[in-house]
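Enquirer: everything below, folded, please.
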Amino acid sequence: MSALRLHRELAEIWATGPGWQRLAAVNHSVIGLRFMATSFVFFAIAGVLGMLTRVQLATPDAKFMDPETYNQVFTVHGSMMLFLFAIPMIEGLAVYLTPKILGTRDFAFPRLTAYGYWCFLFGGSIVAISLVFGVAPNSGWFMYTPLSSNVYTPGINADVWLIGITFVEISALTLAVEIVVSILKMRAPGMSLDRMPIFGWYMLVTALMMVVAFPPLILGAILLEIERAFGLPFFDPRRGGDPLLWQHLFWLFGHPDVYIIFLPMAGALSTIIPVFANRRLVGYRAIVVAIIALAFVSFGIWVHHMFTVGIPHLALAFFSTGSALVAVPTAVQIFAWLATLAHGRPRWDVPMLYVFGFFFVFVLGGLTGVMLAIVPFDWQAHDSYFVVAHMHYVVGGALAFPMLAAFYYWLPLLTGRTAVHRLSVPAFWLVFIGFNLTFFMMHLVGLLGMPRRVYTYPGDVGWNWLNLLSSVGGFIMTIGFGLVVIDMLTQFRYGRRVRRDPWRTTTLEWAMPIPPAPYAFASLPHVGAPADDIAAGRRALSLARGEGYLGFARNGWQETLGVHMTSGAPEQLIVLPRPTYLPLCTALATGAAALAMLFQFYLLSLAAALVTAGLFVLAGQRAGLVRDHGPLPVGHGVSLPPHTESAGAPPWWALIFTLLADGTIFASLVFGTFYLWIAAPNWPAAVAPTPSLTLALVTLAALAVAAAAARGSLRALVAGRSVRGWTGFAMLALIAAIAGAVVLIGGIAPPPREHALGATAAALLGYVVLHAGIGLLFLVSNLLRLGAGRVSARRSLDLRLTQLWLDYTVVTGAIALGLVLALPALVAMLGARP
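Expert: Modelled structure (predicted):
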């Protein structure tokens, strides 16, 4: 009876309301399912578009689509598959599963998760709806300049991609920060990093890669949109820009993104294979080292995609070697999986069919990847369908087969039923045969010389039968995916009912009711052994009876525990926010800013952006607790302070990883400045830059004063004195810094629209203005929360976050202002070049 009462109390606290209240949902299970369902809709749309391209290419000289329609269709197909399906599907899987596998109740920032979903939905909808109105992106999913510039794409087609996809990427970046912080700070008590399930390691490394990989693309998209909207020539070679800068920024994201897609699916395989092999995973520590090494190496070989653009031979040798070496950590994982199967007693079920399908497809794709890493071969095959085939084997195969294995493995957790074998087995063979027939033929037609990105081809060059077979294979694969969907829908009604833990697993997500309750665990487990070696079925009953941590309800709070990042020792009681419409409203305001920018209503876009900023400040007013509580009991004789009174609260670490992403954007901007200075044509500019040293020093001094005042306010708070004076002083200093930077922008020579030298200086100074403005928002929020009683000497997190942000602003501001001041000397070092 006490267990039932506990269940009812927790369900009332954690549940999402019915009807329109579902729009206010912030629970990780609800948001994770929405991510996966929405990304599957985009997958279906992209699949239809892909089949349209195969209809066009099935026969030579086809008239099914004209060139402009084909360009839009294949661009949106690639963009949707990569940006609206692959990454969001992975994020949805992480959002839904990671808290359950790690033995906690939710993620650290549920409202941020919900905001990320709405941004993904709205950004993806912008791209999808553009097809209906004939203004879809048409410059390729890679958006290479100058093809995507105003000269060659004068309409809004390219802007749809730049704004819509950037919208989605910002959503992905927020979720990446969320995933990193939640894995590091919100695990089951006792779950040290060396006891963490291997799935958690994969998701942690993937999210860290996203934090560093996405900012270069976001910066590149912003710079290209600024060039298209306001004429600043970052990529225009006639005015000192360079189209290759876009390729560098894109592939700084694009190559790691291959592994961002692969690693979570590898995490699913590392979870599934030991279960069906009836043996613990072989080489746990070797796999952890391998995935960390893979992450590091992947960031150093982005030029792998640029071998034919004119790279110096020494650089070609370096990047070619790195591209081949990346196979080593990948091979470590594959051999660990094979060893697990070889030393176990494998049993066959539907997930294992897709596991072996993955082995075949991914190894073949990896071998062609090593071929393309060799520069002479890449020069011959680079612009052919061989590369298209390789990409689909590595990216598509590494995603589709493990993803379907994961769906069949974890769907009983959601539905309480297993697959209908009469449908699932034929579906696998249709997908497997269709996939290989479609894309293996592309290898052959590519070796015969068929270039990619063409909408038709002549009938006398020997490509006809290969293209026809490839198109037939595409339809077979589509039928297979359709049968998979039917099978999964059928499973909800006709699948065999199962109770808890149908696979006899060893991870915590199965130690809960099926389907999971909104609070996941009635009480939180203590993990004293490796968390992928736990008898989930035996643990489940004790947790349901409330015998773990937090086996009670208190004050109507949504409670979970925060732990030490490495040891997993309990550190703090985390109180999570309840459902709210603020994420939806904030995403709508963000979407309004994006749409206004798309249709060139720039003042309206600025107004919507200010509303968005105001909503973020408003959201901050409802966070935290209104009074000091001190240590509170959490069970097992342990008492912990609320996270608002803890030094290492999740918001602190979230800001650190946000600054890591922000620093990557800044480093990419500095890289772009030096790249244009060294490599771009038409340098130096006709007009020499003459920045004001005095004004730059005054601006930097104002930033330093603001940071010092923030430190003063924190000291005053701890000492029990008023902090409003210090906060007001910091605000005045930031306003002065913004004014100084704006005056510097107005005096830039050459003017930003005339030469990339002025444009890069304006971008650096604009970065300073933006961050000083965000610092003002921090200070305004501090004043409001002080007035509401949500800040005290013990609850000083707000002021510490402000101090950290302003310290970062001073450091990056000094680098940006110093670089602007150094531009005259840098220009003088170079002779004129055409």
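Enquirer: for the helix or strand hosting E225, packing partners?
Expert: Here E225 sits within helix 198-230, counting by DSSP states H and E. On a contact count with 3 or more C-beta pairs under 8 Å, 6 or more residues apart in numbering; DSSP states H and E, helix 198-230 meets helix 87-102, helix 157-185, helix 243-277, helix 284-298, helix 650-679. Where C-beta positions appear, they are placed from N, C-alpha and C, glycine not excepted.
Enquirer: what's the angle from it to helix 284-298?
Expert: 10 degrees (axes from the mean of the first three to the mean of the last three C-alpha atoms, to 10 degrees).
Enquirer: quick one: mean pLDDT over helix 198-230.
Expert: Mean per-residue pLDDT for helix 198-230: 96.
Enquirer: nearest residue to the middle of the protein?
Expert: With distances taken as C-alpha atoms, centre = their mean, A172 lies nearest the centre of the chain, 3.4 Å away.
Enquirer: spatially nearest residue to that one, not counting backbone neighbours?
Expert: Residue nearest to A172 in three dimensions, not counting chain neighbours: I87, with 5.5 Å by C-beta to C-beta, 6 or more residues apart in numbering.
Enquirer: please apply the same query to L102.
Expert: R187 (4.6 Å).
Enquirer: what's the distance between that neighbour and Y549?
Expert: 12 Å (C-beta to C-beta, to the nearest Å).
Enquirer: secondary structure class for E559?
Expert: Using DSSP: H, G, I helix; E, B strand; the rest coil, the three-state assignment for E559 comes out as strand.
Enquirer: that one contacts Q572, doesn't it?
Expert: No - in this structure, E559 is not within contact of Q572 by C-beta atoms under 8 Å, at 10.8 Å.
Enquirer: the host helix or strand of G614 - contacts with which helices or strands?
Expert: Taking DSSP H and E as the criterion, G614 maps to helix 602-621. Packing contacts for helix 602-621, counted by 3+ C-beta pairs under 8 Å, 6+ apart, involve helix 582-598, helix 756-787.
Enquirer: who touches it?
Expert: Identification of contacts with helix 602-621 by C-beta atoms under 8 Å, 6 or more residues apart in numbering yields 111, 229, 580, 582, 585-586, 589-590, 592-594, 596-597, 777, 780-781, 784-785, 788, 790, 798.
Enquirer: and after that helix, which helix or strand comes next?
Expert: strand 632-635.
Enquirer: show me the shaky parts of the stretch 501-650 of the chain.
Expert: Applying pLDDT under 70 to the stretch 501-650 of the chain flags residues 530-537.
Enquirer: got a list of contacts for the worst-scoring helix or strand of the chain on mean pLDDT?
Expert: Ranked by mean pLDDT, DSSP states H and E, the weakest helix or strand in the chain is helix 536-544, scoring a mean of 78. Residues outside helix 536-544 that contact it (C-beta under 8 Å, 6+ apart): 3, 7, 500-501, 504-513, 521-525, 548.
Enquirer: on that earlier part again, more neighbours: which of R187 and Y549?
Expert: The neighbour count for R187 versus Y549, taken as other C-beta atoms under 10 Å, is higher for R187 (31 against 27).
Enquirer: how far is stretch 269-284 from where the chain is centred?
Expert: Put simply, stretch 269-284 sits 27 Å off its chain's centre (C-alpha atoms, centre = their mean, to the nearest Å).
Enquirer: equivalent analysis for stretch 187-199, please.
Expert: The answer for stretch 187-199 is 23 Å, by C-alpha atoms, centre = their mean.
Enquirer: same deal with stretch 216-236?
Expert: 21 Å.
Enquirer: and what of stretch 264-271?
Expert: With C-alpha atoms, centre = their mean, you get 18 Å for stretch 264-271.
Enquirer: outside of it, which residues touch it?
Expert: Applying C-beta under 8 Å, 6+ apart, the external contacts of stretch 264-271 come out as 90, 93-94, 101, 197-199, 201-203, 206, 281, 287, 291, 333, 336-337, 355, 358, 398-399, 402-403, 405-406, 409, 507, 532.
Enquirer: how far away is the residue of the chain most remote from its centre from P60?
Expert: The C-alpha centroid of the chain is most remote from D460, which lies 44.9 Å away (C-alpha atoms, centre = their mean). The gap separating D460 from P60 is 8 Å, by C-beta to C-beta.
Enquirer: ok, D257 next?
Expert: 34 Å.
Enquirer: and the two? Which one has more around it.
Expert: D257 (23 against 15).
Enquirer: name the nearest residue to the more buried one, ignoring sequence neighbours.
Expert: Computed as C-beta to C-beta, 6+ apart, the closest residue to D257 that is not its neighbour in sequence is A213, at 6.2 Å.
Enquirer: try F43
Expert: Leaving aside its sequence neighbours, F43 sits nearest to F85 (C-beta to C-beta, 6+ apart; 4.2 Å).
Enquirer: wait, isn't the one you found in contact with S39?
Expert: Yes - between F85 and S39 there is a contact at 5.0 Å, judged by C-beta under 8 Å.
Enquirer: hang on, the earlier thing: starting at the chain centroid, how far to the least confident helix or strand of the chain?
Expert: Using C-alpha atoms, centre = their mean, the offset of helix 536-544 from its chain centre is 34 Å.
Enquirer: with just CA atoms, put that helix into CSV.
Expert: Extracted in CSV, the C-alpha atoms of helix 536-544 (Å, rounded to 0.1, in the frame of the first residue of the first chain):
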residue,chain,number,x,y,z
ALA,A,536,17.8,-5.2,-13.4
GLY,A,537,14.8,-7.5,-12.7
ARG,A,538,15.9,-8.1,-9.1
ARG,A,539,16.7,-4.5,-8.5
ALA,A,540,13.3,-3.3,-9.8
LEU,A,541,11.1,-4.4,-6.9
SER,A,542,13.2,-2.8,-4.2
LEU,A,543,13.2,0.5,-6.1
ALA,A,544,9.5,0.4,-6.6
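Enquirer: about what we covered before: I'd like the helices and strands packed on helix 602-621 laid out as JSON lines, including distance to V705.
Expert: Below are these laid out as JSON lines (distance: least, C-beta to C-beta, whole Å):
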{"stretch": "helix 582-598", "distance to V705": "31"}
{"stretch": "helix 756-787", "distance to V705": "12"}
